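# Just need the structure, nothing else, for what follows:
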Amino acid sequence: MTDASDPVRELIARLADGDPIDWSRAADAEVTLLDALHTLDQVRNAYQRIGATVAPHAQPLFEWGPLAVLEKIGSGASADVYRAWNAGLATPVALKLLRPEAAAAGMRSDEFLHEGRLLAQLSQRNVMRVYGAAVHDGRPGIWSEWIEGRTLDAIVEAEGPFADAEAAHIGLELCAGLAAIHANGLLHGDVKASNAMRARGGRIVLTDLGAAGTPDAINASLRTQATPRYLSPESQAGSPRSMGDDLYALGVLLHFLLTGAYPRDGASRLRELKPDIGRPLADAVERALDARPPARFADAHAFADALRASLGATSAARTPTTQRWLPAAVALGLAITIGIGWWALRGDAWQPRVELMRRTDIGSEPLRTGAQLRAGDRVDLVLSANRPTWAYVLNEDAAGAFHVLFPVAGLERSNPLPAGDAIALPGRHGQRALSWEVSGSGAREEFLVVLASAPLAQLDRRLETLPAVAIADVERGVARARPNPPGAVRLHGEHLNAVLGEIEDELADGDRVRVYAWRFNDPRTD
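Numbering: from 1, shown residues only. Sure thing, here's the model as predicted:
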């Protein structure tokens with residue numbers, strides 16, 4: 001069990017356990033330490049993908065160089081954006097292709113490619129990673145990492161404004177991203193809530209770098225892709241744009257996250273729209289929005305210090321954090337390195353991972369245990385493992401209604417599930433891609449998932465006697481969880497507990513069995 005009161009300890013423990021990471025939980029930790037832990041997380045994820053076979057299910061629309069273009073996901077003023085598949089990296093990517101007519105609007109292909117190559121030099125966890133830029137079949141393009149998650153404006157629209165602390169943590173991550181961009185002599189050029197995403201695991205990422213470039217290039221261009229309501233007063237008046245304009249736009253973004261509204265005529269409305277806002281946070285955002293450029297923050301680091309102070313953590317308090325946790329991070333790095341070496345010698349070690357995702361209009365987002373699920377929410381169980389895996393999913397609600405959600409006759413997927421990455425359950429039925437859909441009225445829902453590296457004969461026999469959800473029926477939702485030893489699983493549902501009790505001996509082998517439990521819409525969830 002991790003100490004949830006200590007975000008850095010919790011982050012290190014989750015890295016060691018192989019669990020998804022909510023980076024915002026430790027956003028006020030020392031930046032160098034976070035960068036080191038983020039690197040370890042990337043190594044861990046790469047290690048877990050070794051040997052996995054992943055392939056797109058969709059038929060490509062067309063080929064562009066090494067990429068199979070799968071679907072169009074949007075269009076901008078000068079380019080179209082697609083989801084594509086990079087077979088060499090075995091990963092999805094986002095591809096931005098310059099439209100031919102964009103040249104008539106002043107966008108040259110060499111300028112487009114030059115900016116893409118500059119951005120490819122950036123490597124920072126809060127900036128969307130650009131992999132490269134090239135021309136294929138006469139079309140210039142830039143390809144970058146594909147991010148599963150939701151934009152910040154979509155979150156505000158669906159769930160309302162953010163709380164003070166959460167908005168401040170988001171601001172800290174965006175300041176880190178802008179600091180990296182500015183350190184490379186670039187401007188983002190279009191910082192706004194729809195260009196910032198919360199990725200799976202909680203990482204905040206600046207996206208859509210199509211407006212980015214050097215200050216000279218941006219100011220020399222006749223075009224601008226910046227959004228007017230995020231422009232500083234001096235930029236609207238025609239002054240050259242600078243790195244300070246990115247910080248002003250970040251102030252507008254935070255104003256929107258905290259209130260759901262934008263400044264009026266450049267004037268902050270924070271205290272009017274949110275009277276209970278903490279004074280240090282309001283002061284920080286209002287300083288970023290000051291009409292006088294010299295009164296604003298000098299750089300992203302100064303902005304971050306003000307946000308950190310609003311959380312009660314001064315910049316001076318960051319050094320002890322590094323000293324305190326550096327030995328643990330080094331030990332974790334050694335553990336991961338040893339694990340990789342051990343895997344090379346013992347490639348048969350079973351390593352399953354499971355995460356529950358709520359589908360959204362633009363992708364999907366992870367859910368947390370204890371979340372409130374709404375009627376109509378659609379949820380998938382995403383499973384990955386380096387060996388074939390047997391999965392069992394059961395559900396019981398507050399009224400005692402009890403069902404088997406997987407395996408279910410008629411689904412395309414059945415046990416064992418193949419080794420690989422990102423297998424989504426319940427999967428497909430014929431031509432239909434299914435999800436579990438929340439249909440309840442908000443009463444408690446509990447879910448039990450058992451994963452095994454070999455058949456569980458006793459559990460298979462027990463499931464044959466239990467009612468299964470019909471494919472035509474709506475089903476219920478699930479959320480992210482951590483594996484638990486059987487004795488640590490605590491559920492209220494009588495039927496779920498009965499199943500656990502009956503197969504206790506079969507679940508006792510921790511090397512080949514993992515047990516997960518979730519509880520939703522229950523105020524007693526801890």
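
# Just after the helix or strand bottoming out on mean pLDDT in the chain, pick out the following helix or strand.
The weakest-scoring helix or strand in the chain, judged by mean pLDDT, DSSP states H and E, is helix 318-345 (a mean of 49). Per DSSP states H and E, helix 318-345 leads on to strand 353-360 as the next helix or strand towards the C-terminus.

# What pairs with that following strand, parallel or antiparallel?
When sheet partners are counted by DSSP bridges, strand 353-360 sits next to strand 363-366 (antiparallel), strand 378-385 (antiparallel).

# Just the mean pLDDT for it, thanks.
For strand 353-360, the mean per-residue pLDDT is 78.

# So which bits of it are buried?
For strand 353-360, a neighbour-count test (16 or more other Cβ atoms under 10 Å) marks 353-358, 360 as buried. (Glycine included, C-beta is placed from N, CA and C.)

# so where is the stretch 351-500 of the chain shaky, pLDDT-wise?
For the stretch 351-500 of the chain, applying pLDDT under 70 flags the ranges 360-364, 367-369, 421, 431, 439-442, 466-499.

# The stretch 151-300 of the chain too?
Ranges of the stretch 151-300 of the chain meeting pLDDT under 70: 201, 209-226.

# before we move on, the earlier item: output the strands paired with strand 353-360 in a markdown table, with distance to residue 415 and mean neighbour count appended to each entry.
What follows is the strands paired with strand 353-360, written out as a markdown table (distance: least, Cβ to Cβ, whole Å; neighbours: other Cβ atoms under 10 Å):
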| stretch | distance to residue 415 | mean neighbour count |
| --- | --- | --- |
| strand 363-366 | 24 | 20 |
| strand 378-385 | 11 | 22 |
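
# okay if I get the ones you listed as a markdown table plus distance to residue 515?
Output for those, formatted as a markdown table (distance: least, Cβ to Cβ, whole Å):
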| stretch | distance to residue 515 |
| --- | --- |
| strand 363-366 | 20 |
| strand 378-385 | 14 |
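
# For residue 242, which of those is the nearest?
strand 363-366 (33.4 Å; Cβ to Cβ).

# All the strands of the stretch 351-500 of the chain, in order from the start?
Secondary structure of the stretch 351-500 of the chain by DSSP state E, counting those that start in this stretch: the strands cover 353-360, 363-366, 378-385, 390-397, 402-406, 420-425, 427-429, 432-434, 436-437, 445-452.

# Figure out which of those strands is closest to residue 185.
Smallest distance to residue 185 across the strands of the stretch 351-500 of the chain (Cβ to Cβ): 31.9 Å, for strand 363-366.

# Quick one: closest of the strands paired with strand 353-360 to residue 156.
strand 363-366 (13.7 Å).

# of the buried residues of strand 353-360, closest to residue 156?
Nearest to residue 156 among the buried residues of strand 353-360, counting by Cβ to Cβ, is residue 360 at 13.1 Å.

# Show me how this protein divides into domains.
If you go by automatic domain parsing, the domain ranges for the chain are 7-52+316-345, 62-145, 149-313, 353-520.

# The longest one spans what distance, first to last residue?
Across its full length, domain 353-520 reaches 21 Å end to end, with Cα to Cα, to the nearest Å as the criterion.

# Can you check what pLDDT the model gives the nearest residue to residue 445 once chain neighbours are set aside?
Closest residue in space to residue 445, ignoring its immediate chain neighbours: residue 520 at 4.6 Å, by Cβ to Cβ, 6 or more residues apart in numbering. Residue 520 is assigned 76 on the pLDDT scale.

# Near residue 520, how many other residues are there?
Using other Cβ atoms under 10 Å, the number of residues around residue 520 comes to 27.

# Run through who's touching the helix or strand hosting residue 303.
For residue 303, the element it lies in under DSSP H and E is helix 300-310. The contact list for helix 300-310 (Cβ atoms under 8 Å, 6 or more residues apart in numbering) reads 28, 164, 168, 171-172, 175-176, 178-179, 182, 246-247, 250, 278, 280-281, 283-284, 287-288, 297, 314-315, 318.

# per-residue pLDDT, residue 65?
90.

# How about residue 83?
90.

# ok so it is a strand residue?
Yes - assignment of residue 83 by DSSP: H, G, I helix; E, B strand; the rest coil places it within a strand.

# partners of it in the sheet?
Here residue 83 sits in beta bridges with residue 71, residue 94, as judged by DSSP bridges.

# so how far is residue 64 from residue 126?
According to Cβ to Cβ, to the nearest Å, residue 126 stands 28 Å off from residue 64.

# okay, these two: which has more neighbours?
A count of neighbours by other Cβ under 10 Å puts residue 126 above the other of residue 126 and residue 64, at 25 against 20.

# Report how many residues lie close to the closest residue to the more buried one other than its chain neighbours.
Leaving aside its sequence neighbours, residue 126 sits nearest to residue 177 (Cβ to Cβ, 6+ apart; 3.3 Å). Residue 177: 24 surrounding residues under other Cβ under 10 Å.
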